[in-house]
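Peer 1: Sequence first, predicted model second:
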Amino acid sequence: MRGCKGESPAPDERTPSPRYPVEVAVVDISEELKSLNATMGSIEAVLDLDKLRAEIADLEEQAAAPSLWDDPEAAQKITSKLSHLQADVRKAEALRGRIDDLAVLFEMAAEEDDADTLAEAESELADVKKALDEMEVRTLLSGEYDAREALVNIRAEAGGVDAADFAEQLQRMYLRWAERHGYSTEVYETSYAEEAGIKSTTFVVKAPYAYGTLSVEQGTHRLVRISPFDNQGRRQTSFAGVEVLPVVESSDHVEIDESDLRVDVYRASGPGGQGVNTTDSAVRITHIPTGIVVSCQNERSQIQNKASAMNVLQAKLLERQRQEERAKMDALKDSGSSWGNQMRSYVLHPYQMVKDLRTEFEVGNPQSVLDGDIDGFIEAGIRWRKQQETQS
(Lines give C-alpha, C1' and ligand atoms only; values in the text may rest on other atoms or scores of the structure.)
Protein backbone atom coordinates (compact mmCIF):
# COMPACT_ATOMS: atom_id res chain seq x y z
CA MET A 1 0.00 0.00 0.00
CA ARG A 2 1.34 3.42 -0.93
CA GLY A 3 2.27 5.67 1.92
CA CYS A 4 2.69 2.88 4.46
CA LYS A 5 5.48 3.14 6.95
CA GLY A 6 8.80 1.87 5.63
CA GLU A 7 8.00 2.46 1.96
CA SER A 8 9.76 5.02 -0.21
CA PRO A 9 7.65 7.92 -1.38
CA ALA A 10 6.83 8.25 -5.06
CA PRO A 11 9.33 10.29 -7.11
CA ASP A 12 7.07 13.32 -7.32
CA GLU A 13 6.51 13.26 -3.55
CA ARG A 14 10.20 13.39 -2.54
CA THR A 15 11.53 16.40 -0.66
CA PRO A 16 13.59 18.92 -2.69
CA SER A 17 17.31 18.19 -3.04
CA PRO A 18 19.71 20.46 -1.20
CA ARG A 19 21.60 23.04 -3.32
CA TYR A 20 24.38 21.42 -5.29
CA PRO A 21 27.88 21.95 -3.85
CA VAL A 22 28.97 23.20 -7.29
CA GLU A 23 26.18 25.78 -7.27
CA VAL A 24 27.23 26.94 -3.80
CA ALA A 25 30.81 27.42 -5.03
CA VAL A 26 29.57 29.52 -7.96
CA VAL A 27 27.48 31.77 -5.69
CA ASP A 28 30.50 32.25 -3.42
CA ILE A 29 32.67 33.32 -6.35
CA SER A 30 30.33 36.00 -7.75
CA GLU A 31 31.79 38.81 -5.63
CA GLU A 32 35.31 37.86 -6.69
CA LEU A 33 34.29 38.06 -10.36
CA LYS A 34 32.84 41.53 -9.74
CA SER A 35 36.15 42.58 -8.18
CA LEU A 36 38.09 41.26 -11.18
CA ASN A 37 35.83 43.22 -13.54
CA ALA A 38 36.34 46.39 -11.53
CA THR A 39 40.13 45.97 -11.50
CA MET A 40 40.18 45.30 -15.24
CA GLY A 41 38.09 48.42 -15.82
CA SER A 42 40.60 50.51 -13.88
CA ILE A 43 43.49 49.05 -15.87
CA GLU A 44 41.72 49.76 -19.18
CA ALA A 45 41.14 53.35 -18.09
CA VAL A 46 44.79 53.87 -17.18
CA LEU A 47 46.07 52.23 -20.37
CA ASP A 48 43.58 54.29 -22.43
CA LEU A 49 43.07 51.63 -25.10
CA ASP A 50 41.45 54.07 -27.55
CA LYS A 51 44.54 56.26 -27.41
CA LEU A 52 46.78 53.22 -27.88
CA ARG A 53 44.76 52.11 -30.92
CA ALA A 54 45.08 55.59 -32.45
CA GLU A 55 48.84 55.52 -31.85
CA ILE A 56 49.02 52.06 -33.45
CA ALA A 57 47.17 53.34 -36.53
CA ASP A 58 49.65 56.22 -36.85
CA LEU A 59 52.65 53.89 -36.49
CA GLU A 60 51.17 51.47 -39.03
CA GLU A 61 50.93 54.36 -41.48
CA GLN A 62 54.58 55.26 -40.84
CA ALA A 63 55.63 51.62 -41.17
CA ALA A 64 53.91 51.38 -44.57
CA ALA A 65 55.87 54.31 -46.01
CA PRO A 66 58.15 53.27 -48.93
CA SER A 67 61.02 55.31 -47.47
CA LEU A 68 60.82 53.65 -44.05
CA TRP A 69 64.12 51.77 -44.28
CA ASP A 70 66.08 54.73 -45.66
CA ASP A 71 66.90 55.30 -42.00
CA PRO A 72 67.31 51.79 -40.53
CA GLU A 73 67.66 53.00 -36.92
CA ALA A 74 64.46 55.06 -37.07
CA ALA A 75 62.67 52.23 -38.86
CA GLN A 76 63.70 49.79 -36.16
CA LYS A 77 62.29 52.07 -33.46
CA ILE A 78 58.99 52.50 -35.32
CA THR A 79 58.48 48.79 -35.97
CA SER A 80 59.56 47.84 -32.44
CA LYS A 81 57.22 50.36 -30.79
CA LEU A 82 54.38 49.25 -33.07
CA SER A 83 54.94 45.62 -32.17
CA HIS A 84 54.96 46.30 -28.43
CA LEU A 85 51.87 48.54 -28.51
CA GLN A 86 49.98 45.92 -30.51
CA ALA A 87 51.01 43.33 -27.95
CA ASP A 88 49.77 45.56 -25.09
CA VAL A 89 46.37 46.00 -26.71
CA ARG A 90 46.06 42.30 -27.58
CA LYS A 91 46.99 41.35 -24.01
CA ALA A 92 44.36 43.71 -22.54
CA GLU A 93 41.66 42.55 -24.96
CA ALA A 94 42.47 38.89 -24.35
CA LEU A 95 42.36 39.36 -20.58
CA ARG A 96 39.02 41.14 -20.79
CA GLY A 97 37.71 38.20 -22.83
CA ARG A 98 38.99 35.67 -20.29
CA ILE A 99 37.30 37.54 -17.43
CA ASP A 100 33.99 37.59 -19.34
CA ASP A 101 34.33 33.88 -20.14
CA LEU A 102 34.94 33.04 -16.49
CA ALA A 103 31.38 33.94 -15.53
CA VAL A 104 30.05 31.66 -18.29
CA LEU A 105 32.34 28.84 -17.20
CA PHE A 106 31.15 29.00 -13.57
CA GLU A 107 27.52 29.15 -14.71
CA MET A 108 28.03 26.02 -16.81
CA ALA A 109 29.56 24.25 -13.83
CA ALA A 110 26.49 25.10 -11.71
CA GLU A 111 23.90 24.21 -14.35
CA GLU A 112 25.51 20.85 -15.09
CA ASP A 113 26.56 20.19 -11.47
CA ASP A 114 29.95 19.29 -12.99
CA ALA A 115 32.90 19.16 -10.57
CA ASP A 116 35.37 18.88 -13.48
CA THR A 117 34.07 22.06 -15.09
CA LEU A 118 34.23 23.77 -11.68
CA ALA A 119 37.88 22.68 -11.26
CA GLU A 120 38.65 24.05 -14.75
CA ALA A 121 36.95 27.34 -13.90
CA GLU A 122 38.84 27.69 -10.61
CA SER A 123 42.15 26.97 -12.35
CA GLU A 124 41.38 29.61 -14.98
CA LEU A 125 40.38 32.04 -12.22
CA ALA A 126 43.79 31.64 -10.56
CA ASP A 127 45.56 32.20 -13.91
CA VAL A 128 43.47 35.27 -14.67
CA LYS A 129 44.17 36.79 -11.24
CA LYS A 130 47.90 36.34 -11.82
CA ALA A 131 47.73 37.92 -15.29
CA LEU A 132 45.65 40.77 -13.88
CA ASP A 133 48.21 41.45 -11.15
CA GLU A 134 50.98 41.60 -13.76
CA MET A 135 49.04 44.02 -15.95
CA GLU A 136 48.12 46.15 -12.95
CA VAL A 137 51.82 46.53 -12.12
CA ARG A 138 52.41 47.80 -15.66
CA THR A 139 49.97 50.68 -15.00
CA LEU A 140 52.11 51.79 -12.03
CA LEU A 141 54.99 52.70 -14.35
CA SER A 142 54.21 56.36 -14.88
CA GLY A 143 57.60 58.00 -14.20
CA GLU A 144 59.18 60.43 -16.65
CA TYR A 145 61.57 57.83 -18.10
CA ASP A 146 59.73 54.61 -17.20
CA ALA A 147 58.75 53.85 -20.81
CA ARG A 148 62.41 53.84 -21.95
CA GLU A 149 64.70 50.93 -22.67
CA ALA A 150 67.09 50.08 -19.83
CA LEU A 151 70.86 50.33 -19.59
CA VAL A 152 72.12 47.98 -16.87
CA ASN A 153 75.55 48.19 -15.22
CA ILE A 154 76.73 45.45 -12.86
CA ARG A 155 80.02 45.55 -10.96
CA ALA A 156 81.72 43.28 -8.46
CA GLU A 157 82.15 44.91 -5.04
CA ALA A 158 83.49 43.51 -1.75
CA GLY A 159 84.26 39.80 -1.66
CA GLY A 160 87.15 39.21 -4.06
CA VAL A 161 86.75 36.36 -6.54
CA ASP A 162 83.36 35.42 -5.04
CA ALA A 163 82.09 38.92 -5.78
CA ALA A 164 83.31 38.67 -9.37
CA ASP A 165 81.59 35.30 -9.74
CA PHE A 166 78.40 36.74 -8.20
CA ALA A 167 78.46 39.70 -10.62
CA GLU A 168 78.57 37.25 -13.51
CA GLN A 169 75.64 35.30 -12.03
CA LEU A 170 73.62 38.52 -11.81
CA GLN A 171 74.40 39.35 -15.44
CA ARG A 172 73.15 35.91 -16.46
CA MET A 173 70.06 36.33 -14.24
CA TYR A 174 68.96 39.54 -15.96
CA LEU A 175 69.76 38.29 -19.45
CA ARG A 176 67.75 35.13 -18.75
CA TRP A 177 64.88 37.26 -17.39
CA ALA A 178 64.87 39.28 -20.62
CA GLU A 179 64.97 36.08 -22.67
CA ARG A 180 61.97 34.69 -20.77
CA HIS A 181 59.97 37.78 -21.80
CA GLY A 182 61.18 37.85 -25.39
CA TYR A 183 63.14 41.09 -24.90
CA SER A 184 66.27 41.56 -27.00
CA THR A 185 69.50 42.54 -25.28
CA GLU A 186 72.92 43.79 -26.32
CA VAL A 187 76.05 43.54 -24.19
CA TYR A 188 78.14 46.67 -24.65
CA GLU A 189 81.11 45.73 -22.51
CA THR A 190 82.31 43.04 -20.09
CA SER A 191 85.48 43.31 -18.04
CA TYR A 192 86.56 39.82 -16.96
CA ALA A 193 88.23 39.09 -13.62
CA GLU A 194 91.51 37.16 -13.58
CA GLU A 195 90.44 34.02 -11.72
CA ALA A 196 86.69 33.78 -12.37
CA GLY A 197 83.66 35.95 -13.00
CA ILE A 198 83.62 39.58 -14.11
CA LYS A 199 84.71 42.93 -12.74
CA SER A 200 81.88 44.75 -14.50
CA THR A 201 79.45 44.60 -17.41
CA THR A 202 77.13 46.96 -19.27
CA PHE A 203 74.19 45.82 -21.38
CA VAL A 204 70.95 47.23 -22.72
CA VAL A 205 67.48 45.66 -22.50
CA LYS A 206 65.56 46.70 -25.60
CA ALA A 207 61.88 46.76 -24.64
CA PRO A 208 59.35 49.49 -23.80
CA TYR A 209 59.14 50.07 -20.05
CA ALA A 210 62.32 48.09 -19.45
CA TYR A 211 63.74 51.00 -17.42
CA GLY A 212 60.64 51.47 -15.28
CA THR A 213 60.50 47.73 -14.69
CA LEU A 214 64.16 47.09 -13.91
CA SER A 215 64.87 50.33 -12.05
CA VAL A 216 63.65 48.71 -8.81
CA GLU A 217 66.56 46.25 -9.13
CA GLN A 218 69.08 49.03 -8.53
CA GLY A 219 71.24 48.73 -5.43
CA THR A 220 73.66 46.32 -3.77
CA HIS A 221 72.95 42.61 -3.96
CA ARG A 222 74.44 40.29 -1.30
CA LEU A 223 75.38 36.62 -1.68
CA VAL A 224 76.02 34.23 1.23
CA ARG A 225 77.35 30.75 0.40
CA ILE A 226 80.11 28.21 0.91
CA SER A 227 82.79 29.61 -1.37
CA PRO A 228 83.79 27.26 -4.22
CA PHE A 229 87.07 29.19 -4.32
CA ASP A 230 87.97 28.58 -0.66
CA ASN A 231 90.11 25.47 -0.05
CA GLN A 232 88.75 25.19 3.49
CA GLY A 233 85.12 25.38 2.40
CA ARG A 234 84.28 28.40 4.52
CA ARG A 235 81.17 30.52 4.22
CA GLN A 236 81.73 33.71 2.23
CA THR A 237 79.68 36.90 1.93
CA SER A 238 80.15 38.89 -1.25
CA PHE A 239 78.51 41.89 -2.88
CA ALA A 240 77.71 43.16 -6.37
CA GLY A 241 76.21 46.51 -7.38
CA VAL A 242 73.46 46.96 -9.96
CA GLU A 243 72.81 50.32 -11.62
CA VAL A 244 69.87 50.84 -13.99
CA LEU A 245 69.65 53.88 -16.29
CA PRO A 246 67.14 55.00 -18.94
CA VAL A 247 68.48 54.87 -22.48
CA VAL A 248 69.03 58.37 -23.83
CA GLU A 249 66.81 59.52 -26.69
CA SER A 250 67.30 62.29 -29.22
CA SER A 251 64.84 64.52 -27.31
CA ASP A 252 67.10 64.56 -24.24
CA HIS A 253 69.34 67.56 -23.77
CA VAL A 254 72.73 66.20 -22.77
CA GLU A 255 75.46 68.47 -24.07
CA ILE A 256 78.95 67.01 -24.18
CA ASP A 257 81.94 69.11 -25.15
CA GLU A 258 84.42 67.04 -27.16
CA SER A 259 87.25 68.83 -25.37
CA ASP A 260 86.00 67.31 -22.11
CA LEU A 261 86.58 63.78 -23.41
CA ARG A 262 89.62 61.54 -23.43
CA VAL A 263 89.19 58.66 -25.86
CA ASP A 264 91.43 55.60 -25.62
CA VAL A 265 91.40 52.61 -27.96
CA TYR A 266 92.64 49.17 -27.03
CA ARG A 267 92.36 45.51 -27.99
CA ALA A 268 89.27 43.82 -26.57
CA SER A 269 89.91 40.86 -24.29
CA GLY A 270 87.87 37.89 -23.09
CA PRO A 271 88.13 35.50 -20.13
CA GLY A 272 91.69 34.84 -19.05
CA GLY A 273 92.98 37.82 -20.99
CA GLN A 274 92.45 36.17 -24.38
CA GLY A 275 92.14 38.56 -27.29
CA VAL A 276 88.65 38.85 -28.74
CA ASN A 277 89.91 40.32 -32.00
CA THR A 278 93.18 41.34 -33.58
CA THR A 279 92.57 45.08 -33.91
CA ASP A 280 92.46 47.95 -31.43
CA SER A 281 88.68 48.38 -31.80
CA ALA A 282 87.60 48.62 -28.14
CA VAL A 283 86.95 52.17 -26.96
CA ARG A 284 87.20 53.74 -23.50
CA ILE A 285 85.87 57.27 -22.99
CA THR A 286 86.67 59.38 -19.92
CA HIS A 287 84.51 62.43 -19.19
CA ILE A 288 87.14 64.60 -17.54
CA PRO A 289 84.87 67.06 -15.62
CA THR A 290 82.98 64.27 -13.82
CA GLY A 291 85.52 61.43 -13.94
CA ILE A 292 82.93 59.09 -15.46
CA VAL A 293 84.56 56.31 -17.50
CA VAL A 294 82.69 54.13 -19.99
CA SER A 295 83.87 51.55 -22.48
CA CYS A 296 82.53 49.30 -25.24
CA GLN A 297 84.11 46.33 -26.96
CA ASN A 298 81.25 44.31 -28.44
CA GLU A 299 81.57 45.56 -32.04
CA ARG A 300 84.35 44.92 -34.52
CA SER A 301 84.32 48.54 -35.61
CA GLN A 302 85.99 51.22 -33.52
CA ILE A 303 83.41 53.72 -34.79
CA GLN A 304 80.49 51.54 -33.63
CA ASN A 305 82.11 50.97 -30.24
CA LYS A 306 82.63 54.69 -29.79
CA ALA A 307 78.99 55.38 -30.66
CA SER A 308 77.79 52.78 -28.12
CA ALA A 309 80.17 54.14 -25.46
CA MET A 310 78.84 57.66 -26.07
CA ASN A 311 75.29 56.37 -25.56
CA VAL A 312 76.32 54.95 -22.19
CA LEU A 313 78.08 58.20 -21.23
CA GLN A 314 75.02 60.25 -22.18
CA ALA A 315 72.81 57.99 -20.05
CA LYS A 316 75.13 58.38 -17.06
CA LEU A 317 75.30 62.17 -17.48
CA LEU A 318 71.52 62.34 -17.85
CA GLU A 319 71.13 60.38 -14.62
CA ARG A 320 73.65 62.66 -12.90
CA GLN A 321 71.70 65.66 -14.10
CA ARG A 322 68.47 64.17 -12.79
CA GLN A 323 70.07 63.44 -9.41
CA GLU A 324 71.32 67.02 -9.10
CA GLU A 325 67.93 68.48 -10.01
CA ARG A 326 66.23 66.15 -7.57
CA ALA A 327 68.58 67.19 -4.79
CA LYS A 328 68.04 70.88 -5.47
CA MET A 329 64.27 70.63 -5.59
CA ASP A 330 64.05 68.05 -2.83
CA ALA A 331 61.17 66.59 -4.83
CA LEU A 332 61.74 63.01 -3.85
CA LYS A 333 63.02 61.51 -0.65
CA ASP A 334 65.64 58.78 -0.60
CA SER A 335 63.76 55.58 -1.50
CA GLY A 336 66.57 53.25 -0.46
CA SER A 337 67.11 52.00 -3.99
CA SER A 338 70.09 54.08 -5.08
CA TRP A 339 73.42 52.61 -6.11
CA GLY A 340 75.23 51.29 -3.07
CA ASN A 341 72.21 50.57 -0.86
CA GLN A 342 71.81 46.90 0.03
CA MET A 343 68.45 45.72 -1.25
CA ARG A 344 68.47 41.92 -1.65
CA SER A 345 70.14 38.90 -0.07
CA TYR A 346 70.76 35.58 -1.79
CA VAL A 347 71.46 32.95 0.87
CA LEU A 348 72.68 29.52 -0.27
CA HIS A 349 74.06 28.41 3.11
CA PRO A 350 73.14 27.49 5.85
CA TYR A 351 69.61 27.65 4.35
CA GLN A 352 68.16 28.47 0.93
CA MET A 353 66.41 31.81 0.51
CA VAL A 354 66.34 35.00 -1.54
CA LYS A 355 64.82 37.99 0.26
CA ASP A 356 64.21 41.60 -0.73
CA LEU A 357 65.10 43.78 2.24
CA ARG A 358 62.70 46.58 1.26
CA THR A 359 59.52 44.69 0.39
CA GLU A 360 60.09 41.56 2.54
CA PHE A 361 59.24 39.47 -0.54
CA GLU A 362 61.12 36.18 -0.42
CA VAL A 363 61.36 32.78 -2.09
CA GLY A 364 63.03 29.55 -0.99
CA ASN A 365 64.53 28.58 -4.36
CA PRO A 366 67.63 30.70 -5.09
CA GLN A 367 68.50 28.71 -8.21
CA SER A 368 65.23 29.60 -9.94
CA VAL A 369 65.86 33.26 -9.11
CA LEU A 370 69.39 33.15 -10.51
CA ASP A 371 67.92 31.48 -13.60
CA GLY A 372 65.88 34.63 -14.24
CA ASP A 373 62.65 34.01 -12.31
CA ILE A 374 62.55 37.46 -10.71
CA ASP A 375 59.11 38.77 -11.72
CA GLY A 376 57.79 38.39 -8.16
CA PHE A 377 60.60 40.58 -6.82
CA ILE A 378 60.13 43.16 -9.57
CA GLU A 379 56.36 43.40 -9.09
CA ALA A 380 56.72 43.71 -5.31
CA GLY A 381 59.40 46.38 -5.82
CA ILE A 382 57.23 48.44 -8.17
CA ARG A 383 54.29 48.33 -5.76
CA TRP A 384 56.58 49.22 -2.85
CA ARG A 385 58.05 52.18 -4.77
CA LYS A 386 54.58 53.48 -5.65
CA GLN A 387 53.60 53.26 -1.98
CA GLN A 388 56.73 55.18 -0.97
CA GLU A 389 55.94 57.90 -3.52
CA THR A 390 52.38 58.16 -2.27
CA GLN A 391 53.54 58.56 1.33
CA SER A 392 56.21 61.15 0.52
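Peer 2: Perfect, I can see it now. Numbers count the residues shown, from 1 in each chain.
Peer 1: Looks to me like Thr286 is in a strand.
Peer 2: Yes: membership of Thr286 in a strand is supported by DSSP: H, G, I helix; E, B strand; the rest coil.
Peer 1: Bridged to it, which residues?
Peer 2: Beta-bridge partners recorded for Thr286 (DSSP bridges): Arg262, Val293.
Peer 1: Next, count neighbours for it.
Peer 2: 16 (other CB atoms under 10 Å). Just so you know, the C-beta spots here come from the backbone N, C-alpha and C atoms, and that holds for glycine as well.
Peer 1: separation between it and Arg262?
Peer 2: According to CB to CB, to the nearest Å, Thr286 stands 4 Å off from Arg262.
Peer 1: Also Lys129?
Peer 2: Distance, Lys129 to Arg262, using CB to CB: 55 Å.
Peer 1: next one: Ala121
Peer 2: 65 Å.
Peer 1: Between Lys129 and Arg262, point out the one with more neighbours.
Peer 2: Each of Lys129 and Arg262 had its neighbours counted (other CB under 10 Å), and the higher figure belongs to Lys129 (15 against 11).
Peer 1: I'd say that one and Leu33 touch.
Peer 2: No: at 10.8 Å, Lys129 does not count as touching Leu33 under the criterion of CB atoms under 8 Å.
Peer 1: who does the lengthiest strand in the chain touch, helix- and strand-wise?
Peer 2: Counting residues, the longest strand found in the chain (DSSP state E) is strand 235-246. Contacts defined by 3 or more CB pairs under 8 Å, 6 or more residues apart in numbering; DSSP states H and E place strand 235-246 against strand 150-156, helix 160-180, helix 210-214, strand 219-226, helix 302-329.
Peer 1: mind redoing it with 10 Å?
Peer 2: Contacts defined by 3 or more CB pairs under 10 Å, 6 or more residues apart in numbering; DSSP states H and E place strand 235-246 against strand 150-156, helix 160-180, strand 198-206, helix 210-214, strand 219-226, helix 302-329, strand 342-347.
Peer 1: between the ones you listed, which gets nearest to Glu136?
Peer 2: Proximity to Glu136 (CB to CB) singles out helix 210-214 among those, at 13.5 Å.
Peer 1: Can you name the residues in contact with that closest one?
Peer 2: Here helix 210-214 makes contact (CB atoms under 10 Å, 6 or more residues apart in numbering) with 137-138, 140-152, 174, 177-178, 181, 183, 185, 204-205, 207, 242, 244-247, 315, 374-375, 378-379, 381-382, 385.
Peer 1: any idea of the mean pLDDT for the helix ranked longest in the chain?
Peer 2: Longest helix of the chain, by residue count under DSSP state H: helix 72-112. The pLDDT scores in helix 72-112 average 89.
Peer 1: Could you pull out the buried residues of the helix or strand following that helix?
Peer 2: Going down the chain from helix 72-112, the next helix or strand is helix 115-138, by DSSP states H and E. Using 16 or more other CB atoms under 10 Å as the test for burial, helix 115-138 gives 117-118, 121-122, 124-125, 128, 132, 135-138.
Peer 1: chain center to helix 115-138, what's the gap?
Peer 2: Offset of helix 115-138 from its chain centre (CA atoms, centre = their mean, to the nearest Å): 21 Å.
Peer 1: Take the buried residues of helix 115-138 and lay them out in JSON lines including distance to Gln236.
Peer 2: Converted to JSON lines, the buried residues of helix 115-138 look like this (distance: CB to CB, whole Å):
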{"residue": "Thr117", "distance to Gln236": "54"}
{"residue": "Leu118", "distance to Gln236": "51"}
{"residue": "Ala121", "distance to Gln236": "50"}
{"residue": "Glu122", "distance to Gln236": "46"}
{"residue": "Glu124", "distance to Gln236": "46"}
{"residue": "Leu125", "distance to Gln236": "45"}
{"residue": "Val128", "distance to Gln236": "44"}
{"residue": "Leu132", "distance to Gln236": "41"}
{"residue": "Met135", "distance to Gln236": "40"}
{"residue": "Glu136", "distance to Gln236": "39"}
{"residue": "Val137", "distance to Gln236": "35"}
{"residue": "Arg138", "distance to Gln236": "38"}
